[in-house]
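Visitor: Model the structure of this input:
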Amino acid sequence: MERFSVSPDEMNEWIIGEFKKIAKVPRPTNYMEKISEYLYQWATEHGFKAVKDDVENVIFDAPASEGYENAPLTVLQAHMDMVCVAAEGKAFDKFNDPIDVVITDDGYLTADGTSLGGDDAIGVAIAMYCAVSDKVKRGPLRVIATVNEEGGSPSGAGNLAHHFVTEARYLINIDSEDYGTVTVSSCGFAGYAFSRKPVWEEMGSGKTAVTITLSGLKGGHSGTDINKNRANAIKAVNYIMARLTYKGVPFRLVSFNGGTGMSAIAPNASATIVIDQSDLDSLEEVFAFTKRYFAKQFDRTEAGYSFAFEKAPLPGKAVCLDDSRRITDLIAALRVGANTVSQRYRGITESSMNIGMISFNEGDEVFNLMLAMRTSAEWPVMLANAEFDAIARGLGFDINYSDEFHIGWVEKEGAVLPKMYAESFEEYTGDACEITAVHGGLECSAFSQWSDDIEIISVGPTIIGPHSTSEKLPIDTIGKTCGAIATLLGRIAEGK
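Guide: Prediction:
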């Protein structure tokens, strides 16, 4: 096989140039029309047969290099939306303003005061290069750019016509964030919805309301950051009420709010409770006890947080003592964090639990709580189903969950594509490549359910701090990753 010899610098010039053009098109999740039209027009202007489907996914086919028309169809896939955030105080309209891409002196792509959107415009740009470059030896190639991968609706992968994927022998997802790895497994989800109608009681004299607040924690991704021993603010605030229960101090819950979303570790939480005025000293003692040991555990890893309580206006109603205890006991009983460790992929979490968000306020008719479980294996889900069902029944909550398994995407036995990419990567870059898994979600999880024959991998350049204003990409990993993909396409074309 003739070695792919285009230099990383040459590819970087083209890819970064196209990336900057994409960055000029506003594309926050759920607002896909502009970027979808841009990609569709780009494909047609370059002579490709393109399709824009009902949810704005864009699909186009690039012909094979001469002599390789009979090679198997390969798909390059990435998503076109981005998580768009701006620094505090920056005037920025994410629906209309472009991302200002910056190339730093030390070799990074970043943005001026916003998230960069490297997740996943860099994957789209790499796929475009592989489709348009006559220096990339390839068989028949299909590029799929999906919408709303970052949790929006409608889902691009979920609404993609299956034949666009099932017609292919291989699918290369370009949405991983670690140079020098090829991902072959990602997680699915199991959700557990707990609910109970609490009894609200009128508040009389002799009572004091107090609000407990914990804020400024790191939070983070509930998959990739779940094994980093970060504090969950909802669990920490709830511990104070659990400790009151243990000490025999009665309290009534008024509100409990926290978190930013189900896929994030809760960085903040606050709860308002009502206690007898005579128990205020007991509450202060419990709070001081909790704060002291929380600090011992997290002061170094969660520096800069605030944990405090203050008196609040006395509400007209509060949840009765029994239901307040039941709600507290439920949150205390539900485990969060890493659950099991993969025995197949070194250092990868296999399953985890997270309470990412809670919203309960004075007068709400129903208390609702959702626990999300990530998993790449069936057995942890089976145990969780039994565990959480027992907890719900024991505490008098209704629970809703699926008894079906949604374990995501697992490498097929006998798959050859992961090893082919690792060899292509090492051949082109001279660097080692690790075959691994990720404790997070990828669109590969959907695609893998559609065919028993297709082989799937996920690769990509390094992305540091995705979804944040500190997001940046080491430029030297972009062209090298593209070169590895181009080398792999040549191997596929030649049947090697």
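Visitor: got the contact list for the helix or strand of the chain with the lowest mean pLDDT?
Guide: Least confident helix or strand, the chain: helix 444-447 with a mean of 89, by mean pLDDT, DSSP states H and E. Under the criterion Cβ atoms under 8 Å, 6 or more residues apart in numbering, residues 77, 155, 157-158, 160, 165, 171, 173, 186-188, 408-409, 454, 456, 458 lie in contact with helix 444-447. Every residue, glycine included, has its C-beta placed from N, CA and C.
Visitor: switch to 6 Å and redo it
Guide: By Cβ atoms under 6 Å, 6 or more residues apart in numbering, the list of residues contacting helix 444-447 from outside reads Ala157, Val165, Leu171, Asn173, Ser186, Gly188, Gly408, Trp409, Ile456, Ser458.
Visitor: Repeat that for stretch 137-151.
Guide: By Cβ under 6 Å, 6+ apart, stretch 137-151 touches 29, 32, 39, 55-62, 64-65, 68, 71, 73-77, 79-81, 83, 124, 127, 131, 155-157, 443, 489-490, 492-493.
Visitor: Stretch 216-236 too?
Guide: By Cβ under 6 Å, 6+ apart, the list of residues contacting stretch 216-236 from outside reads 214, 258, 263-269, 298, 302, 304-306, 336, 338, 349, 352, 354-356, 358, 374, 439-440.
Visitor: Just give me how far it sits from the chain centre.
Guide: A distance of 13 Å separates the centroid of the chain from that of stretch 216-236, by Cα atoms, centre = their mean, to the nearest Å.
Visitor: Identify each buried residue in stretch 153-171, please.
Guide: Neighbour counts over stretch 153-171 (16 or more other Cβ atoms under 10 Å) mark Ser155, Gly156, Ala157, Asn159, Leu160, Phe164, Val165, Ala168, Arg169, Tyr170, Leu171 as buried.
Visitor: Distance from that stretch to the middle of the chain?
Guide: Centroid displacement of stretch 153-171 relative to its chain, using Cα atoms, centre = their mean, is 20 Å.
Visitor: Then stretch 462-478?
Guide: Its chain's average C-alpha position is 16 Å from that of stretch 462-478, according to Cα atoms, centre = their mean.
Visitor: now the end-to-end length of it.
Guide: End-to-end span of stretch 462-478 (Cα to Cα, to the nearest Å): 8 Å.
Visitor: ditto for stretch 101-116
Guide: This stretch, stretch 101-116, spans 7 Å end to end (Cα to Cα).
Visitor: Thr29 and Leu473, how far apart?
Guide: 20 Å (Cβ to Cβ, to the nearest Å).
Visitor: One more: Leu39?
Guide: Using Cβ to Cβ, Leu39 is found at 20 Å from Leu473.
Visitor: Ala338 now?
Guide: Taken as Cβ to Cβ, the span from Ala338 to Leu473 is 28 Å.
Visitor: Give the residue from these two that has the larger number of neighbours.
Guide: Neighbours per residue (other Cβ atoms under 10 Å) separate Ala338 from Leu473, with Leu473 holding more: 26 against 17.
Visitor: The helix or strand where that one lies pairs with which strands, and in what direction?
Guide: Remark: Leu473 resides in strand 473-474, with elements defined by DSSP states H and E. Note on strand 473-474: by DSSP bridges, its sheet partners are strand 108-111 (antiparallel).
Visitor: what's the helix or strand immediately after the partner strand in the chain packed up against?
Guide: Downstream of strand 108-111, the next assigned helix or strand under DSSP H and E is helix 118-132. Judged by 3 or more Cβ pairs under 6 Å, 6 or more residues apart in numbering; DSSP states H and E, helix 118-132 is in contact with helix 8-23, strand 74-79, strand 141-146.
Visitor: What are the buried residues along the helix or strand following the second one?
Guide: It stands for strand 74-79. Next helix or strand after strand 74-79 toward the C-terminus (DSSP H and E): strand 101-103. Buried positions in strand 101-103, judged by neighbour count with 16+ other Cβ under 10 Å: Val101.
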